[in-house]
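Undergrad: 3D, please:
(one chain, ligands or ions: 1)
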Amino acid sequence: MIDFQQTVRGWRLKKLRRDRRELAMRPRLGQETSFRPLCVLGIALWLGLIIGLAELVLTRVQKPLTDPSPGLFRMNRHIMWTIPTVNLVVFGFCGLVAALMLRARPRLGVRVAVGPLVFLATLTLLLSCRWLHVLACLVLAFLFAFRLTRRIESGLPAFRRLVRRTLPAMAGLVAAVIGLSLGGQIPGVRQAAAPTPAVSAGGQDAPGPNVLLVVLDTVRADHLSLHGYRRDTSPNLSRLARRGITFKQARSTAPWTLPSHASMMTGRWPHELSTGINHPLDGTHETLAEYLAANGYATAGFVGNATYCGIETGLGRGFAHFEDHELSVADILWTSALGQRILLQGMFRPERRTGGTPNDYHRKDAAQIRRDMLAWVEGQKGRPFFAFLNLYDAHDPYMPPTGFDRHFGLRPRSAADMSILERWFIHDKKKLTPEEIQSVLDAYDDGIAYLDEQLGELVDDLDWLGLLASTLVIVTADHGEHLGEHQLYGHASSLYDAEIHVPLLILLPDEAHAGQVVTAQVSLRDLAATVADVTGLGGSPFPGRSLARHWAADASPQPEPSLSEVDAPVMSAPNQGRSPVFRGPMKAVAAGKHVYVRNGDGQEELFDVEADPMQSRNLAGLPQVQSILDQIRTDLDRLLQAEAPVGPRSRQD
Ligand SMILES: [Zn+2]
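TA: Numbering: from 1, shown residues only. Have a look, this model is predicted:
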């Protein structure tokens with residue numbers, strides 16, 4: 001039988017010995033009193049410098065675990081300076097508080113003054129491992145910090161010497177990283193590439209019209225009143241259409257952002273480009289911005305979709321000025337583990353799903369992009385300009401900015417309504433009621449109406465500045481959006497018209513050909529050639545043909561088949577497993593009233609989009625369409641024989 005008293009006595013003896021050991025390890029009184037407030041501040045800054053660099057390294061090293069794309073693709077390049085800066089500021093602030101406390105109560109001791117700083121340091125490092133749950137990080141940080149603080153306490157003189165000796169070197173290293181990053185000297189972190197020297201044959205100072213390319217991200221043509229939609233979603237576009245040329249059957253080359261934009265910028269089909277799920281646009285083909293810059297244009301890009309239009313994607317090439325990632329205090333905080341997982345955690349919004357890598361906290365709304373662009377234009381003082389705008393407000397989650405108070409159909413009111421909107425991408429739509437789904441579809445129209453309003457203001461502003469008459473304005477969309485057709489939602493999932501049929505409006509300088517409507521089907525791939533043609537600069541490096549053939553006085557263009565492509569799913573969400581793109585790389589050809597789709601498993605579909613715009617009846621098996629099918633297959637083979645891609649690439653990832 002265990003002697004209880006003896007057990008207690010043994011336990012007390014052990015405790016006594018431990019206390020003696022700790023007492024012996026504690027610094028003597030003279031050392032305690034020399035632990036001054038300035039010393040705590042120094043330790044805090046030293047920790048901030050080390051942890052900032054360590055978090056940066058951890059973030060970069062872990063990226064391949066969740067995202068196989070190279071470099072900073074799909075990340076925010078500003079992390080190179082924001083992560084060290086946030087840590088320095090947070091630790092500096094905490095050190096200041098600790099120093100003030102120590103000043104008020106000099107006998108607080110190392111444990112109270114330094115312990116919380118050590119806890120913060122270990123917590124930050126653990127939070128940088130985004131696969132670790134926040135609660136686990138907190139518990140582990142507490143345990144590590146407890147032991148580390150005791151060791152620091154026992155070897156305080158040596159620790160202080162270490163801090164004193166290495167602080168200047170650490171400060172220099174962090175300053176160099178921040179400075180080089182801000183200066184654009186770190187590969188992959190550069191601001192917009194400098195315009196290439198005259199790569200085209202045009203003159204350096206050719207006076208041409210300004211060029212404004214506005215891409216409405218994720219806007220399908222048939223949800224615009226301009227295209228006959230039942231709701232008045234686009235009164236301003238309709239107003240603009242009376243001053244320009246409307247293309248009723250414009251088609252994007254891809255159902256998602258990056259390849260579609262890359263195609264517009266280079267005049268190339270997606271299969272000719274390096275762009276893929278994990279691949280940015282490489283430098284093989286000259287871009288519209290490079291061409292115009294080489295011809296004396298001031299060039300600038302202003303994008304809302306920073307993930308797939310930012311500099312990291314290669315789309316910034318040729319722009320002398322490029323604004324993508326927001327750099328508000330919240331956005332800068334959001335790039336750090338501490339900011340993202342603790343400080344701003346309660347304000348999570350699903351648009352920040354980025355595979356666990358730090359990205360943007362806010363998305364820039366169209367009003368801000370419009371203001372940024374106009375401020376830049378006014379600074380050009382008459383020099384011809386090329387401005388590219390990507391407006392992101394119709395992309396999911398369909399939530400127009402606060403203050404926009406126009407709503408179609410059901411108006412989201414409750415927290416539950418907002419939650420459905422916010423989490424639309426990840427919701428299993430089969431579990432939602434028809435009313436809930438309808439409320440989301442209504443909100444999509446709200447986003448389009450907001451974009452239309454901003455577009456109206458932008459054009460009016462240009463008019464007021466006296467620039468509209470000398471500007472070629474192109475308004476289009478990079479792709480559409482499925483809203484339940486074929487039981488699909490979102491985009492990058494198929495090549496049906498819901499994702500490929502996009503609006504296209506061209507306003508020529510001096511409003512030439514105002515009010516004209518083109519019903520022939522055209523491809524956005526021809527935009528680059530069109531800009532080269534209308535600006536009259538000559539020496540166009542872009543394949544494709546100018547769309548001017550459709551508005552010329554003697555226009556009777558032969559219909560030309562247009563190609564659309566998608567290789568792999570961009571992002572997985574619940575219930576997206578049945579999307580056609582999951583069956584492999586897809587191709588689609590539109591020729592006249594027919595749209596042909598070749599699925600990844602070889603299955604063919606043929607639709608008569610005049611008689612069946614919703615593409616609900618596949619005609620491919622009917623004997624009477626076999627000659628049409630043969631012709632389209634030949635067209636597809638010819639289109640795919642266009643220039644092969646150059647350089648290393650891996651498409652099927
Ligand atoms: Zn897009």
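
Undergrad: Can you check the pLDDT for the residue of the stretch 351-500 of the chain found nearest the ion?
TA: Closest approach of the stretch 351-500 of the chain to the ion (CB to the ion) occurs at D478, with a separation of 4.3 Å. C-beta: built from backbone N, CA, C; applies to glycine. We note a pLDDT of 97 for D478 in this prediction.

Undergrad: What strand or helix carries the residue nearest to it when sequence neighbours are not counted?
TA: Across the structure, with CB to CB, 6 or more residues apart in numbering as the measure, the residue nearest D478 apart from its sequence neighbours is S260 (4.0 Å). Under the criterion of DSSP states H and E, S260 resides in helix 257-266.

Undergrad: Over to V475?
TA: Secondary-structure element containing V475, defined by DSSP H and E: strand 471-477.

Undergrad: Does anything pack onto the helix or strand following that strand? Which helices or strands?
TA: The helix or strand immediately downstream of strand 471-477 is strand 482-483, counting by DSSP H and E. Using 3 or more CB pairs under 8 Å, 6 or more residues apart in numbering; DSSP states H and E as the contact test, the elements touching strand 482-483 are strand 489-490, helix 497-500.

Undergrad: Make a markdown table out of those and add distance to the ion.
TA: Formatted as a markdown table, these follow (distance: least, CB to the ion, whole Å):
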| stretch | distance to the ion |
| --- | --- |
| strand 489-490 | 11 |
| helix 497-500 | 10 |
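
Undergrad: now for these, which one comes closest to R111?
TA: When those are ranked by proximity to R111, the top entry is strand 489-490, at 53.3 Å, counting by CB to CB.

Undergrad: and the closest residue to P209 other than its chain neighbours, how many neighbours?
TA: Counting by CB to CB, 6+ apart, P209 lies nearest to P509, which is 4.3 Å off, once chain neighbours are set aside. P509: 17 surrounding residues under other CB atoms under 10 Å.

Undergrad: from what I can see P509 touches L462, true?
TA: No. At 11.8 Å, P509 and L462 do not qualify as touching, with contact defined as CB atoms under 8 Å.

Undergrad: Common neighbours of the two, please.
TA: With contacts taken as CB atoms under 8 Å, 6 or more residues apart in numbering, P509 and L462 have T471 as neighbours in common.

Undergrad: mind checking how far the nearest residue to L343 once chain neighbours are set aside is from the ion?
TA: Spatial nearest neighbour of L343, chain neighbours left out: L333 (5.9 Å); criterion: CB to CB, 6+ apart. Note on L333: its distance to the ion, by CB to the ion, to the nearest Å, is 27 Å.

Undergrad: Next up, phi/psi of L333, please.
TA: Taking degrees, to the nearest 10, you get phi -60, psi -40 for the backbone angles of L333.

Undergrad: so what's it up against?
TA: With contacts defined as CB under 8 Å, 6+ apart, the neighbours of L333 are 86, 339-340, 343-344, 361.

Undergrad: Remind me what the host helix or strand of E605 packs against, helices and strands.
TA: Taking DSSP H and E as the definition, one finds E605 inside strand 604-608. The helices and strands touching strand 604-608, judged by 3+ CB pairs under 8 Å, 6+ apart, are strand 594-598, helix 626-640.

Undergrad: Look at the closest residue to the ion within the chain and report its pLDDT.
TA: In the chain, the residue that lies nearest the ion is T257 (3.1 Å; CB to the ion). We note a pLDDT of 95 for T257 in this prediction.

Undergrad: What count of nearby residues applies to it?
TA: T257 - counted by other CB under 10 Å - has 28 other residues nearby.

Undergrad: thought it was touching M264?
TA: No. Counting by CB under 8 Å, T257 stays clear of M264, with 10.8 Å between them.

Undergrad: Now the element after the helix holding S260, going C-ward?
TA: helix 288-294.

Undergrad: Run the chain-centre distance for that following helix.
TA: For helix 288-294, the distance between its averaged C-alpha position and the chain's averaged C-alpha position is 23 Å (CA atoms, centre = their mean, to the nearest Å).

Undergrad: Give the partner strands of the helix or strand following that helix in its sheet and their orientations.
TA: Heading C-terminal from helix 288-294, the first helix or strand you meet, by DSSP H and E, is strand 298-303. Strand pairing for strand 298-303, determined by DSSP bridges: strand 321-323 (parallel), strand 385-391 (parallel).

Undergrad: tilt between the last one and strand 471-477?
TA: Orientation check (axes from the mean of the first three to the mean of the last three CA atoms, to 10 degrees): strand 385-391 against strand 471-477 gives 20 degrees.

Undergrad: Let me know the angle separating strand 385-391 from helix 257-266.
TA: 160 degrees.

Undergrad: can strand 385-391 be found next to the ion?
TA: No. Residues of strand 385-391 contacting the ion under CB under 5 Å from the ion: none, with a closest distance of 7.9 Å.

Undergrad: returning to what we had before: for the strand holding V475, packing partners?
TA: strand 210-216, helix 235-241, helix 434-464, strand 501-507, helix 527-535.

Undergrad: Looking at those, spot the one closest to G228.
TA: Between G228 and the helices and strands packed on strand 471-477, the shortest separation by CB to CB is 10.5 Å, and it involves helix 235-241.

Undergrad: Quick one: residues contacting V517.
TA: By CB under 8 Å, 6+ apart, the contact set of V517 is 245-246, 248.

Undergrad: In TSV: the residues you listed, plus pLDDT and neighbour count.
TA: What follows is those, written out as TSV (pLDDT from 0 to 100; neighbours: other CB atoms under 10 Å):
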residue	pLDDT	neighbour count
I245	97	22
T246	97	22
K248	95	17
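
Undergrad: Of those, which belong to strands?
TA: Judged by DSSP state E, strands contain the following of the contacts of V517: 245-246, 248.

Undergrad: now those as TSV including distance to the ion?
TA: TSV is the format used below for those (distance: CB to the ion, whole Å):
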residue	distance to the ion
I245	24
T246	21
K248	21
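
Undergrad: just so I know, which of the helices and strands packed on strand 482-483 lies nearest Q516?
TA: helix 497-500 (23.0 Å).

Undergrad: what helices or strands is that closest one leaning on?
TA: Counting contacts by 3+ CB pairs under 8 Å, 6+ apart, helix 497-500 packs against strand 482-483.

Undergrad: Please compute how far the strand it packs on lies from its chain's middle.
TA: Distance, centroid of strand 482-483 to centroid of chain: 21 Å (CA atoms, centre = their mean).

Undergrad: pretty sure G403 is in a strand, no?
TA: No. Counting by DSSP: H, G, I helix; E, B strand; the rest coil, G403 is not part of a strand but coil.

Undergrad: which of the ones in strands among the contacts of V517 lies closest to L505?
TA: Top of the list for closeness to L505, among the ones in strands among the contacts of V517 and by CB to CB, is T246 at 5.6 Å.
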